[in-house]
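Novice: Return a 3D structure for these sequence lines:
(4 chains)
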4 protein chains.
Amino acid sequence: VVRISDDVSGLERIEFFSDAVFAIAITLLVITLAAPKGSPSALGSNLAGLQGRFFAIALSFAVIGQFWIAHHRAYRHIVRYDLGLLWLNLLYLFGVCFLPFPTEVLGRYFESRLAGVFYGLAMTATSVAGGLMLLYAYRRGLMEDLPRGERREIGIRIVITPLAFLAGTALTLVGNALAALFWAVVLPLTRVGVSALARRTRP
Amino acid sequence: VVRISDDVSGLERIEFFSDAVFAIAITLLVITLAAPKGSPSALGSNLAGLQGRFFAIALSFAVIGQFWIAHHRAYRHIVRYDLGLLWLNLLYLFGVCFLPFPTEVLGRYFESRLAGVFYGLAMTATSVAGGLMLLYAYRRGLMEDLPRGERREIGIRIVITPLAFLAGTALTLVGNALAALFWAVVLPLTRVGVSALARRTRP
Amino acid sequence: VVRISDDVSGLERIEFFSDAVFAIAITLLVITLAAPKGSPSALGSNLAGLQGRFFAIALSFAVIGQFWIAHHRAYRHIVRYDLGLLWLNLLYLFGVCFLPFPTEVLGRYFESRLAGVFYGLAMTATSVAGGLMLLYAYRRGLMEDLPRGERREIGIRIVITPLAFLAGTALTLVGNALAALFWAVVLPLTRVGVSALARRTRP
Amino acid sequence: VVRISDDVSGLERIEFFSDAVFAIAITLLVITLAAPKGSPSALGSNLAGLQGRFFAIALSFAVIGQFWIAHHRAYRHIVRYDLGLLWLNLLYLFGVCFLPFPTEVLGRYFESRLAGVFYGLAMTATSVAGGLMLLYAYRRGLMEDLPRGERREIGIRIVITPLAFLAGTALTLVGNALAALFWAVVLPLTRVGVSALARRTRP
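Specialist: Model prediction:
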C-alpha cells in the first residue's frame, strides 16, 4: 500500500511544508512573551524580570535552528519518499511545533528542576523522531547513494544527537543553567566533532 | 466568466498557499497551550492536568496531517484550475484553519459529549469540503487522465472519509476517548484499506 | 534610485512572501477565538454566544480570500518590479495583516455601528492600497502587454472594488448584518460582473 | 568542518525559510492587539486609546519591510553558502522574530523613554546582525563578483544602517515620537541616499 515516489515536486512540497513549520515554530517562541503590565516606572524591573524567558527563547531558537539545519542537510540526500517518510516527518515536526510550550514552561520556572527535565525530554524525543526518520529513509532506500564517510557520519549522528540531549537533561540535576549551556554550546560542537571524525576516517 | 487555466506557476501558488495554511494551522494547535501559572511546586500536577489538552492536540496534529497528505496527493493529479476550484480550496482551508478552535474546546472539556460532537462535526465538515473540491476538479476536467483504479480510489475516498469522520462523531455517544481512538487509528487504516481495495480490483 | 528589475526569481520571492502573509493573516483570524471558560454544562450556550465571532471570521476569510485571488491574478500580469512596487505591495499587505483586528472588533461588537464602520473602512483602505499597487505597476510599465479587454477590466476593478467596499460601509447605517451580506455576496458578484462586462466589450 | 556549497536548491530553501520568518514576524505584529473589552458605548474611546499601539505596529511593519527588502537584495548577490552563513542568517532572523515584543512594549508605554531605548536597541542589534551576515558572505567569497560601485554601496550600508538605528535610539532622549519619525522617514531616505552616492562615485 505504500508507493515509493521520486517525483521532485512532491519532495519539494514536503521540504516546503517542513520549512514553513520550522519557521512558524521558531517565530512563535517570542509570541508567548506579553509586554509586562504595570506602571511605566516599573517597566525596567519588569523587563529585567523576564530574563529567564529571554534566555529560554534564545536557547530554543538555537535548538530549533540546529534541527532545521539538520533537516535541511538530510533532505539534500533524500531523493524519494513514501507514506512512511511523510508520517515520520510529521512526527518529527510535531516535536518541533511542541517546543514553544516547554520553552515557555522553562522560561517561567527557570529554577524548577522539573521544568528543565520536561524541556530536555521534549528535545530528546524530537531528536529521536528525527533519527527515526533518517534511519527509515536510509533503510527504505530513499536516499541517494552516499560515500561511506557521509553514511557513517549520518549513522553516528542518529545515535549521538539524542544521547547528547539526554545528557543535557541529566545535567538539570546540577542545574538548569548548566543544562542550557550544554544544549547551546556543547551540542553544536559535538556535531562539528562528528563531522570532523567521520571525515578523518574516510579513506 | 470562469477561465480554465493550466499555467503551472498558478497551480504552484495555490499549492504553496495551501501548504502554508496547513503548516500554520498545525503549528497553532500548540500555541493555545499556555504555561500553567502557580507555584513551582505545583508545576508537576499542573502539567499533568493538561493531559486532555495534549491528547487533543496530538489527535488534531494527526488529523491535519492526514488532510495535508490527502491534499498533497490530490494536487498531484490536478493539472488545471479555475475560479471555482480556488474557492472550493479556500472553503476546505477554512475548515482546516478552524480546527485549532474545536481542538482547544475538546482539550478543555474532554468529558463533555458536546465538545466531542462539536469537534467531530468540524472534522466532518472539513472533509466534506475536501470531497467537494475533488469532485469538482474531476467533473470540470481539471485532473489529468487517471487509470481506472485510481479514479475509483478517489471516488471511494470522497464518500468514505466524511462517513468515517461522522461515524467517529457518533462514537462520542459512548465516549470522547473512543471517538478519538477511532479518528486517530481506524481512520488512517480505512484509507490504507481503500487504497489496497482499489488496487486489487485494478485489472 | 529605483531600479527596474525583471529577474524572475525576485518576483517569485515577492509572490511567495505575499502568499505567506495572506496565509498567516487568514489563519490568524480563528486564533483570536479562545475556548469559552466556564462549567461544561454552560459550554453549549457559551459556544452559541460566539456566533457573532464565527460569522465575522467567516466573512473575513471570504474577503481575504478575494484579496488573495485578486493578488494572484494581478501578479500573473506583473513581469517586472522596482522598489516602489515592493513598498506598495507591503502597504497592501499591511492592510491584509491588520484585518484580523477589525474582524475581532466586529465579532465582539456585532450590534455596534462603529464596529461595522471600523471594519468597513479597514477593508476599503486595503482595497485602495491594492488599487494603487495595480495602477503603479501599470503606469511604470511593470506589466506585460495586455489585450485591451483585460486592461479595461483591471481599470474598472481598481475603481469599482474600493467603491463597493465603501458602499458596504455605508450600509452599516442600516445594520452590520446587511453590510456583511453585501461584502460576502454582492461584492464577489460585482467582480464576476466586471469580468463579463469587460469581456463583452472586447472586439 | 564548514563546507562551501553552491547548490541552488539549498540557497532557495534558506531564502524561503527567511521569507517565511519575515512574513510571520510582520503578521504577528498585529496579533498582539486584542479587541478592547468593555461596553459597546466605550468602543470609540477604547479604540482611540490604542493609537500608540497602532503607531508602533505601523512603524515596525515599515522597519521589518526594510529588513526584508535588504535581505531580498543581499541574497540576489549571494550565490554560495556555508554553515557560518546559515547561523548568521539565523541570528539575524532571531532579531527579526524578536521585534514584535519591543513593538508591543513601545506601543503600551509610548511615553516611556526606556521603552523607546529598548525598541531602538533591538532594531540596532538586528541591523548589526544583518551587517555581520553580509560582511561574512563577502569575506568568505560567498557573493558573486560585484562591480566596484555595488561593493562600495554594500560596504557603506553595513556601517550606516546600524549607526542610523543607533542615532534614532539617541533621539528617544528628546522623545519617542521624534525617534519613530526618524526610523520611519529618515532611515529609508538614508538608504536611497547611499544608493545614489555609491552610484555617482562609480566611474
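Novice: Need the residue closest to the centroid of chain A.
Specialist: The C-alpha lying nearest the average C-alpha coordinate of chain A belongs to A:F67 (CA atoms, centre = their mean; 3.5 Å).
Novice: you'd agree A:F165 is up against A:T124?
Specialist: Yes. Contact criterion CB atoms under 8 Å: A:F165 and A:T124 qualify, at 4.1 Å. Heads up, the C-betas are built off the backbone N, CA and C, glycines and all.
Novice: which one is the residue of chain A found nearest chain D nearest to, not counting chain neighbours?
Specialist: Taking CB to the nearest CB as the measure, chain A has A:A23 as its residue closest to chain D, at 3.6 Å. Spatial nearest neighbour of A:A23, excluding adjacent residues (CB to CB, 6 or more residues apart in numbering or on different chains): D:A20 at 3.6 Å.
Novice: Please pull up the helix or strand immediately following the helix or strand the one you found falls within.
Specialist: Taking DSSP states H and E as the definition, D:A20 sits inside helix D:8-31. Proceeding C-terminally, helix D:8-31 gives way to helix D:43-48 as the next helix or strand, assigned by DSSP H and E.
Novice: is chain C contacted by that following helix?
Specialist: Yes. Applying CB under 8 Å from any CB of the partner chain, one finds helix D:43-48 touching chain C at D:L43, D:G44, D:L47.
Novice: secondary structure element for A:R76?
Specialist: Here A:R76 is covered by helix A:51-77, with elements defined by DSSP H and E.
Novice: residues in contact with the helix or strand that that helix is followed by?
Specialist: Where DSSP H and E defines the elements, the next helix or strand beyond helix A:51-77 is helix A:83-98. Defining contact as CB atoms under 8 Å, 6 or more residues apart in numbering or on different chains, one finds that helix A:83-98 is touched by A:1-3, A:14, A:18, A:21-22, A:24-25, A:64, A:67, A:71, A:78, A:122, A:125-127, A:129-130, A:132-133, A:136-137, A:140, A:142, B:26-27, B:29-30, B:58, B:61-62, B:65, B:68-69, B:72.
Novice: Now whatever helix or strand comes next after helix A:83-98: average pLDDT?
Specialist: Scanning the chain past helix A:83-98 towards its C-terminal end, the next helix or strand to appear is helix A:100-108 (assignment: DSSP H and E). Confidence over helix A:100-108 (mean pLDDT, whole number) is 94.
Novice: try stretch A:127-142
Specialist: 93.
Novice: how far does it sit from the chain's center?
Specialist: The offset between the C-alpha centroid of stretch A:127-142 and the centroid of the whole chain comes to 15 Å, using CA atoms, centre = their mean, to the nearest Å.
Novice: ok so, going back, list the buried residues in the helix holding D:A20.
Specialist: Across helix D:8-31, burial judged by 16 or more other CB atoms under 10 Å in any protein chain shown covers D:10-31.
Novice: ok, now stretch A:171-184?
Specialist: The neighbour-count criterion (16+ other CB under 10 Å) identifies A:L171, A:T172, A:N176, A:A179, A:A180, A:F182, A:W183, A:A184 as the buried residues of stretch A:171-184.
Novice: helices or strands up against the strand or helix carrying the fourth one?
Specialist: When you say that, I think you mean A:A179. In this structure, A:A179 is located in helix A:176-181 according to DSSP H and E. Helices and strands in packing contact with helix A:176-181 are listed as helix A:51-77, helix A:113-139, helix A:148-171; criterion 3 or more CB pairs under 8 Å, 6 or more residues apart in numbering or on different chains; DSSP states H and E.
Novice: and the shortest one, is it in reach of chain B?
Specialist: No. Under the criterion of CB under 8 Å from any CB, helix A:148-171 makes no contact with chain B; the nearest approach is 15.8 Å.
Novice: Briefly note if stretch A:151-162 comes near chain D.
Specialist: No. Counting by CB under 8 Å from any CB, no contacts exist between stretch A:151-162 and chain D, the nearest distance being 11.0 Å.
Novice: on that earlier part again, closest one of the residues of helix D:43-48 next to chain C to chain B?
Specialist: Of all the residues of helix D:43-48 next to chain C, the one with the least separation from chain B (CB to the nearest CB) is D:L43, at 24.3 Å.
Novice: Number of residues surrounding the closest one?
Specialist: Residue neighbour count, defined by other CB atoms under 10 Å in any protein chain shown, stands at 21 for D:L43.
Novice: Need the per-residue pLDDT for it.
Specialist: Per-residue confidence for D:L43 comes out at a pLDDT of 92.
Novice: Enumerate the residues of chain A near chain D.
Specialist: A:15-16, A:19-20, A:22-24, A:26-31, A:33-37, A:40, A:43-44, A:47, A:58, A:61-62, A:65, A:68-69, A:72, A:76, A:192, A:195-196, A:199.
Novice: Swap in 6 Å and give it another go.
Specialist: For chain A, the residues found near chain D under the criterion CB under 6 Å from any CB of the partner chain are A:19-20, A:23-24, A:27, A:30-31, A:33, A:35, A:40, A:43-44, A:61, A:65, A:69, A:72, A:192, A:195-196.
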